[in-house]
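K.L.:
build the 3D model from these lines:
(one chain, ligands or ions: 2)
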Amino acid sequence: MKSVFSERQLLHTPSKELSDGEMRAAVELPARAEYVRDRILEVGLGDIIEPSAFGRAPLERVHTKDYLDFMEGFRALHEAAGRTGEAFPFIWPTHGLRSDVTPRHVDGLLGRYSFDAGTPIGPMSWEAAKISADTALTAAKMIAQGAPVAFALCRPPGHHAMTDRFGGYCFLNNAAIAAQYLRDEGAERVTILDVDYHHGNGTQQIFYERGDVQFLSLHADPADEFPYFLGYADEVGEGEGEGCNFNWPMPLGTDWSGWSASLDEACARAASFGTDTLVVSLGLDPFENDPISKFKLVSDDFIRVGERIAKLGLPTLFVMEGGYAIDALGVNCVNVLSGFEGA
Ligand code: OKP
Ligand code: ZN
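P.N.:
Ligands and ions are numbered 1, 2, ... in the order given. Purely as a prediction, here's the structure:
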């Protein structure tokens, strides 16, 4: 299968993040993508194509214009405030504060357009995020033109990004942008299957009232794990989208037996929805040695993930999300893709 990737996605270089009461070394590092790229080349999975530029239109199908304007203008505001490194939001318009005002100061805007303090944003973050979205769109275009499968090596990841807020290391929702693009190019019923360890709150929010894009997510119980405030089993969609959103929160410590049972249920949902095109939000952080996850999948399990998804027999776009066990990331990611191709 073909993959899409650009080295410009490496321009987002977070150094630290707020974790356990300290500033610790960031985990969403450029090297993540390099390990995956190197493994693709090592096993000869297929060509790696440079993304083409799609411009703002496909981003505006998912994100608000004011959010995209903020992201585009962030670097100038950040530098005008005398900063050169990375910034962290630290105040949000929560209950009791006004959410109908847009501050001028960059710190106010950071709060308006984010939902956590765990996502360092630097001068080049927007550039990298834009190219990451272009990577998803370029791979989606291959599917729209008839390819049975394609892999978007996206980084930074996307599934936490909401219509108008960044967070969870995500700025643009690559999978959502790709899914909407596929709809606009003629797919009728798209399913996004999110296998990342963390709930894809952004993707869920974006499509929650949509009956044409189904969202299925397997993840750690949000009562115990980020993003804490979304991803529960009773979130089933609203309005036209009622019955098109399904969550499989699982206990910490879940291994292949529990996880694959949920995957089977999710695959049954994809089939009964009448899905014509599948987008997989491919997080590799359910891995047993992932530094920020408490699931127990082993490297070989990822081959089975690819095989199970292939059984759906659908045109499938894989979009990379999380996964932080850097030295195993290439193997685990390519195991899913090889498992899919070998099935
Ligand atoms: C992004 B993706 C607190 C760290 C909070 C946020 C996790 C974002 C995961 N110690 N981390 O879904 O892999
Ligand atoms: Zn994750």
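K.L.:
after the helix or strand where Ser257 lies, which helix or strand is next? Please name it.
P.N.:
In the assignment (DSSP states H and E), Ser257 maps to helix 256-272. Sequence order places strand 277-282 as the next helix or strand after helix 256-272, per DSSP H and E.
K.L.:
distance of the residue of the chain at minimum distance from ligand 2 from Ala25?
P.N.:
Nearest residue of the chain to ligand 2, counting by Cβ to the ion: Gly322, 2.9 Å away. Where you see a C-beta, it was placed from the backbone N, CA and C, and this is true even at glycine. Using Cβ to Cβ, to the nearest Å, we find Gly322 at a distance of 16 Å from Ala25.
K.L.:
what do you get for Phe88?
P.N.:
Per Cβ to Cβ, Phe88 is found 15 Å from Ala25.
K.L.:
which one's more surrounded, these two?
P.N.:
Using other Cβ atoms under 10 Å, the more surrounded residue of Phe88 and Ala25 is Phe88, with 17 against 10.
K.L.:
now the angle between strand 277-282 and the helix holding Ser257, please.
P.N.:
160 degrees (axes from the mean of the first three to the mean of the last three Cα atoms, to 10 degrees).
K.L.:
can you list contacts of helix 256-272?
P.N.:
Contact partners of helix 256-272, identified using Cβ atoms under 8 Å, 6 or more residues apart in numbering, comprise 191, 193, 195, 214, 216, 218, 246, 248, 250-251, 278, 286, 295-298, 301, 304-305, 308-309, 311-312, 314.
K.L.:
same deal with stretch 185-194?
P.N.:
Here stretch 185-194 has contacts from 140-141, 144, 159, 175-176, 179, 182-183, 200, 203, 207, 212-219, 266-267, 269-270, 273-281, 283, 309, 314, 321, using Cβ under 8 Å, 6+ apart.
K.L.:
run the last query once more with 6 Å
P.N.:
144, 159, 175, 179, 182-183, 200, 203, 213-217, 266, 270, 273-281 (Cβ atoms under 6 Å, 6 or more residues apart in numbering).
K.L.:
doesn't Pro30 make contact with Leu10?
P.N.:
Yes: counting by Cβ atoms under 6 Å, Leu10 does reach Pro30; the two are 3.8 Å apart.
K.L.:
okay, buried residues for the biggest strand by length in the chain please.
P.N.:
Counting by DSSP state E, the longest strand found in the chain is strand 213-220. Within strand 213-220, the residues that count as buried by 16 or more other Cβ atoms under 10 Å are Val213, Gln214, Phe215, Leu216, Ser217, Leu218, His219, Ala220.
K.L.:
can you tell me the element the closest residue in space to Leu252 that isn't next to it in sequence falls in?
P.N.:
Spatial nearest neighbour of Leu252, chain neighbours left out: Lys294 (4.1 Å); criterion: Cβ to Cβ, 6 or more residues apart in numbering. Using DSSP H and E, Lys294 falls within no helix or strand.
K.L.:
pick the one among the buried residues of strand 213-220 closest to ligand 1.
P.N.:
Using Cβ to the nearest ligand atom, His219 comes nearest to ligand 1 of these, at 8.4 Å.
K.L.:
from the stretch 201-343 of the chain, which residue is nearest to ligand 1?
P.N.:
Gly322 (2.0 Å).
K.L.:
is it correct that that residue is in contact with His199?
P.N.:
No: counting by Cβ under 6 Å, Gly322 sits too far from His199 to count as a contact (11.4 Å).
K.L.:
where along the chain do the strands fall?
P.N.:
Along the chain, counting by DSSP E, strands occupy 2-4, 16-19, 22-25, 48-49, 149-152, 190-194, 213-220, 245-250, 277-282, 316-320.
K.L.:
great, nothing more from me.
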